[in-house]
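Asker: Turn this into a model:
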Amino acid sequence: MSLTNIITKPMLRGTLTGAGPWQTLFAKAGQRIYPFQIGAMVRADSSGTTVSTHGLGEIRQNDYLIVCAETFYGDSPMFVPNLGRVTKVTSDPTVATDDTLTIAPAITVLSNEWLLCIGPDGGANPLSVPLLDGSTINLFADNAGNNANANPYFLTASNGNFRGWVDDGVEACDLLITDDSGGVRMAIPLKQVGPGIVQ
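Answerer: I've put the predicted structure just below:
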């Protein structure tokens, strides 16, 4: 393979079909796939303005977080976003001690729930109606990275498959899946990004 066949933009490849809940629940066209910077898993139950996590992911001050409840579809773990449980990071996580986030408003979180980081968000009221435009990950419509994706999401095909490209250096991201009108459905944490190689 010549060097011209190696693309410098890693390719985000994923499928919502196959052996798992995605085939039954999401195998249709028009689902929106939003790649977001990595969030964090809740380490301990709490109901205040501090949340203990397993690591801090890529969360920054002024980012909004959607709490995603852990559930199962058969043996497959899933995380279901709850727009009634959105909060904002109010202090700088880089100076946090013991992987603790300071948030407002106070919300109740449970151990092993996932905090989906949707970034600063440009909605008029992100705490109740997030616009889902706050990702720090740039999306591209081509594998050379010459054309920015028209939307902050990729669309699924009729079988639930999707394909798109992201910035150099992005090795993993969290995915938020919505229906064709933007209604949140599921979060997939820590989705690995595949290499951008032309076959």
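Asker: my guess is residue 141 meets residue 149, correct?
Answerer: Yes - using Cβ atoms under 8 Å, residue 141 is in contact with residue 149, at 5.0 Å. No exception for glycine: its C-beta is placed from N, CA and C like everyone else's.
Asker: Tell me where the chain has strands.
Answerer: 11-15, 32-36, 40-42, 50-54, 64-73, 76-89, 100-104, 114-119, 139-140, 154-155, 161-166, 172-178, 184-192 (DSSP state E).
Asker: want to throw those into CSV with mean pLDDT?
Answerer: Formatted as CSV, the strands of the chain follow (pLDDT from 0 to 100):
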stretch, mean pLDDT
strand 11-15, 38
strand 32-36, 92
strand 40-42, 96
strand 50-54, 96
strand 64-73, 91
strand 76-89, 91
strand 100-104, 96
strand 114-119, 98
strand 139-140, 88
strand 154-155, 88
strand 161-166, 82
strand 172-178, 90
strand 184-192, 88
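Asker: Mean neighbour count, the ones you listed: which tops it?
Answerer: Greatest average neighbour count among these goes to strand 114-119 (a mean of 26), per mean count of other Cβ atoms under 10 Å.
Asker: And the contacts of it?
Answerer: For strand 114-119, the external contacting residues (Cβ atoms under 8 Å, 6 or more residues apart in numbering) are 36-42, 51, 53, 57-60, 63-68, 70, 79, 81, 101, 109, 126, 130, 132-136, 174, 176, 187, 189.
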